Structure formats: structure tokens, C-alpha cells
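> This is a predicted model, with the sequence first.
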Amino acid sequence: MRTVSWIALGGAAMLSLSACGAASIGGDAQASVADTTDVAANIPRGEQPAKCPSEGAALQVLGSGGPIAEADRAGTSYLLWIDGQARLLIDAGSGSFLRFAQAGGKIAALDAIFLTHLHADHAGDLVDVLNTGGFEGRTQPLMIVGPNAAPRFPGMASFMQRLIGKADGAFAYNGGYQDGTENKPELIVREVETAEGAGAPVGLDISNDYSVMAHPVHHGPVPALGYVVEVGDANFVITGDQSAQSEIFASELAGTKPTILFAHHVINGQPGQPRGLHRTPEEIGQLAGAMKPARVVLTHNMKRSLDDLDNGLAAIAKNYTGPVSVAQDLDCYAL
């Protein structure tokens with residue numbers, strides 16, 4: 001039996017955000033860029049809800065793209081909505097700052113920000129999201145969670161120091177986030193030990209409305225995490241960027257039957273694709289076959305994968321026969 005540790009992300013005052021507002025995304029106010037995107041006819045999107053609900057829980061894909069500037073996909077980012085309130089931001093990839101605004105997200109209402117890892121296409125717009133939050137008047141501390149350090153990758157605490165350190169940060173003018181001064185809330189930074197995907201899952205205690213487990217995954221030399229979020233009777237899994245060497249992740253979640261598995265769809269199964277960083281479509285199918293989700297949503301999409309989508313879907317279907325769809329920026333999935 002593996003040990004599961006728990007990190008308490010602040011006290012009761014931080015967990016109660018009822019006084020903080022966020023724009024509702026119910027009704028006609030929230031539109032998806034999928035409406036104006038030229039999507040290939042073979043890309044399955046029939047299960048996609050038209051908009052986020054104003055009641056209940058939903059996960060919105062703010063950015064569905066990867067590390068290359070392709071089409072109109074922002075870098076990876078997700079936003080958890082509960083009863084019309086933006087509660088949890090997971091990743092803030094390049095371009096997601098705009099999507100965060102289009103969705104109606106507000107720093108003032110967030111419980112926390114989680115990062116899967118510190119590649120630019122997952123963390124590049126974090127400072128922009130924090131910058132806009134500096135105008136919202138939030139006073140409660142804000143949790144930010146991410147992985148530990150490794151060669152050429154700072155840990156979450158060092159990353160934030162380099163980004164917004166008051167003395168010598170790249171954006172030192174946002175240094176008020178370090179201590180709750182200058183009309184900014186204090187950031188409380190937590191790091192999760194990843195051990196190249198062999199670290200223990202960590203429970204992140206941030207709200208009575210939902211629970212989150214951070215699962216270390218293998219992403220080559222990059223410290224990285226996947227996340228499992230439970231809201232009521234529903235739950236969803238975000239794989240993060242992971243290779244098939246994330247064997248502990250797969251075994252921990254085997255048979256858990258999540259409501260939705262959001263799988264990062266970066267490489268196809270053809271020769272010449274990089275190995276050791278990401279799962280191929282067949283390996284995504286193997287993971288889904290073991291976990292048995294009600295549905296799979298492919299996100300963190302790259303053109304090389306979408307161009308070979310028919311083969312990719314066939315490879316997934318070898319081990320998983322449930323519904324598979326492809327996310328577009330601002331798609332919202334009710335839970």
C-alpha cells in the first residue's frame with residue numbers, strides 16, 4: 001500500500017470565498033471559439049456541450065493546444081467551475097490569459113492555481129493571469145501548487161521567486177504577491193515531490209466542495225504531475241504530459257472509472273515521433289482501458305497528431321471502446 005500524504009492549503013479563512021465574485025458563464029454570455037474554427041470533418045466533437053452551465057460543476061478547456069503556434073489553440077489550461085464560479089485554474093499555457101478573460105475567470109474567486117509542470121506551454125501565461133488579478137482587490141491568500149526541482153527546472157517556489165521576486169524577479173513590479181502588499185493577495189506556494197514519476201500521490205485540501213489528488217507522472221527529465229478532481233459523485237482526470245513510463249499513475253488509477261479522462265494528445269504513433277515524454281494514441285488507449293472512464297477527451301493537441309487522427313483513434317480503440325472527442329479552446333464539459 002502506497003502512502004498518501006496531505007497538504008493543507010491554508011486555514012478556514014482562505015477556504016471561504018463566498019464574498020468573492022466571479023462572472024457567471026451560464027446563458028449566452030459565454031461563447032466558444034469552436035464556433036468560428038475551421039475543424040476537420042473527421043474530428044469527433046458531437047458530445048461537446050455548447051456552453052458551461054451556471055449550476056453544477058464543469059471543467060472548461062481554456063487552451064487545447066501544445067508548444068507550437070498552430071491554428072488558434074492556446075497552450076494547455078483548464079478552469080473548474082462550480083455554480084457559475086471559477087474555482088480552480090490548472091495550468092496557464094501560452095495564450096490562456098486571453099481564454100481566461102473570454103471565459104469570465106477571475107483571480108478573486110479562485111481557490112488555487114495548480115501547474116502540471118513548468119514547460120512554457122503550461123506556465124507561460126501565469127504571470128499575465130496574476131497581473132490581471134492584481135486589479136481585482138482580492139485580500140485572501142492564494143495557493144499555487146506545482147512540482148519540485150530537477151536539473152534545468154526550478155521547483156515551484158524558486159520559479160515564483162524568479163518570476164515575481166520583489167528584489168530581482170523578472171516581473172518584480174508584481175512582487176506584492178510575495179507578501180500580500182501593494183494591493184495583491186499573498187501567494188502561498190507548495191511543491192509536490194515527483195521523483196521522476198515515482199513519488200507518492202498527494203492530497204490537496206483546499207475546499208469542502210471538491211477534492212484534488214496530485215499524482216507524480218513521468219515526463220522525461222521534467223518534474224510533472226497529473227491531477228484527479230472529485231466533485232460530488234463525479235470526477236475527472238487530467239493526465240498532464242506523461243509518458244507510458246508513468247506506471248505508478250496507471251496502477252493507482254486502474255479501475256477508478258472517472259467521469260472524464262482528459263488525455264494529452266501530443267504525438268502520433270508513427271515512426272520519427274519523440275519518445276519518453278508523451279503517450280502515443282495506443283498508450284492513451286491502454287491507460288483509458290485500465291481506468292475505464294465514461295469518456296475520453298483529447299486535448300493538448302498538436303497538428304501532427306490531428307493530421308493522423310483516424311489512425312490515432314483506431315489505436316486508442318484497441319483497448320478503449322468508449323466515446324472519444326477532441327477538445328477545442330473554451331469547450332466546457334459538464335460533470
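Received it, and whenever you're ready, just let me know what you need.
> hey, let's count contacts and neighbours off CA atoms from now on
OK.
> May I have the beta-bridge partners of the residue nearest the centre of the chain?
Nearest to the geometric centre of the chain sits residue 90, at 3.5 Å (C-alpha atoms, centre = their mean). With DSSP bridges as the criterion, residue 90 is bridged to residue 78, residue 114.
> check contacts around it.
Applying C-alpha atoms under 8 Å, 6 or more residues apart in numbering to residue 90 gives the contacts 77, 78, 79, 113, 114, 115, 116.
> Thought residue 65 was touching residue 95, still the case?
No. At 9.5 Å, residue 95 and residue 65 do not qualify as touching, with contact defined as C-alpha atoms under 8 Å.
> Need the residues touching each of these two.
73, 74, 75.
> Show me the shaky parts of the protein.
The chain contains residues with pLDDT under 70 at 1-42, 45-50.
> now the helices for it?
Listed in chain order, the helices found in the chain under DSSP state H are 12-15, 96-103, 120-123, 126-133, 156-164, 247-253, 281-291, 303-306, 309-316.
> So for residue 51, which of those helices sits nearest?
In terms of C-alpha to C-alpha, the element of those nearest to residue 51 is helix 96-103, at 10.0 Å.
> mind listing what's buried in the closest one?
Of all the residues in helix 96-103, those buried under the rule 16 or more other C-alpha atoms under 10 Å are 96, 97, 99, 100, 102, 103.
> cool, stretch 224-243 as well?
Using 16+ other C-alpha under 10 Å as the test for burial, stretch 224-243 gives 224-231, 234-243.
> Also stretch 312-331?
In terms of neighbour count (16+ other C-alpha under 10 Å), stretch 312-331 has its buried residues at 312-313, 315-317, 319-321, 324-331.
> Taking those, tell me the two that lie furthest apart.
Within the buried residues of stretch 312-331, 319 and 330 form the most distant pair, 28.7 Å apart (C-alpha to C-alpha).
> Now render the helices of the chain as a markdown table, adding distance to residue 175.
Listed next are those as a markdown table, based on distance: least, C-alpha to C-alpha, whole Å:
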| stretch | distance to residue 175 |
| --- | --- |
| helix 12-15 | 20 |
| helix 96-103 | 19 |
| helix 120-123 | 18 |
| helix 126-133 | 10 |
| helix 156-164 | 5 |
| helix 247-253 | 36 |
| helix 281-291 | 40 |
| helix 303-306 | 38 |
| helix 309-316 | 44 |
